[in-house]
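Q: Test case, fold it:
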Amino acid sequence: MLIFSGCKKSNIQTHILTGQWQWQYSEGGIAGQKIIPENNRILLLNFNQDSTFSVTENGSASFNGIYQITIDTTYGKVIHFNPNNFGDPNGEIYIIQNNQLILTDYMISDGYTHYYKRIK
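A: The predicted structure follows:
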């Protein structure tokens with residue numbers, strides 16, 4: 001069975017994402033796991049207004065690239081990362097609630113939901 005969903009490039013302003021977000025935990029997968037940072041691990045996701053992003057782990061750069069936001073008529077706002085080292089392979093559905101960024105693996109039925117808090 002094939003499922004098609006409408007996806008279009010968006011002119012959404014990225015300023016709501018702009019800033020630094022610290023990973024809190026992730027939940028999901030086939031077994032419904034909860035993953036939390038271990039050994040004082042601090043993972044930061046940084047979004048810039050010029051559509052670039054970077055990921056740092058314990059103060060050291062992990063990787064960076066560009067991102068694009070699209071609107072899926074079924075799922076909502078989706079962030080696509082290039083390179084797709086982050087949000088692999090399809091991107092992340094996102095919502096922001098009370099200074100919390102919630103990313104859900106896009107089009108993966110047994111994917112994860114990742115929770116971040118705004119740092120700045």
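Q: Now do Q97 against V78, distance only.
A: The gap separating Q97 from V78 is 17 Å, by Cβ to Cβ, to the nearest Å. All C-beta spots, glycine's among them, are computed from the backbone N, C-alpha and C.
Q: So those two - more neighbours on which side?
A: A count of neighbours by other Cβ atoms under 10 Å puts V78 above the other of Q97 and V78, at 23 against 7.
Q: Specify the beta-bridge partners of the more buried one.
A: Under DSSP bridges, the beta-bridge partners of V78 are T70, I93.
Q: so where is this protein shaky, pLDDT-wise?
A: 1-14 (pLDDT under 70).
Q: Please list the residues outside stretch 79-93 that contact it.
A: With Cβ atoms under 8 Å, 6 or more residues apart in numbering as the contact definition, stretch 79-93 has outside contacts at 17, 45, 53, 55, 63, 65-70, 72, 75-78, 94, 103-108, 114.
Q: Mark which of these are buried, thanks.
A: Applying 16 or more other Cβ atoms under 10 Å to the contacts of stretch 79-93, the neighbour count classes 17, 45, 53, 55, 67, 69-70, 72, 75, 77-78, 94, 103-107, 114 as buried.
Q: got the buried residues for stretch 22-33?
A: If you call a residue buried by 16+ other Cβ under 10 Å, then stretch 22-33 has these buried ones: 22-23, 26, 28.
Q: Need those in CSV (columns: distance to K34 and secondary structure).
A: Shown next, in CSV, are the buried residues of stretch 22-33 (distance: Cβ to Cβ, whole Å; DSSP: H, G, I helix; E, B strand; the rest coil):
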residue, distance to K34, secondary structure
Q22, 17, strand
W23, 13, strand
S26, 7, strand
G28, 9, strand
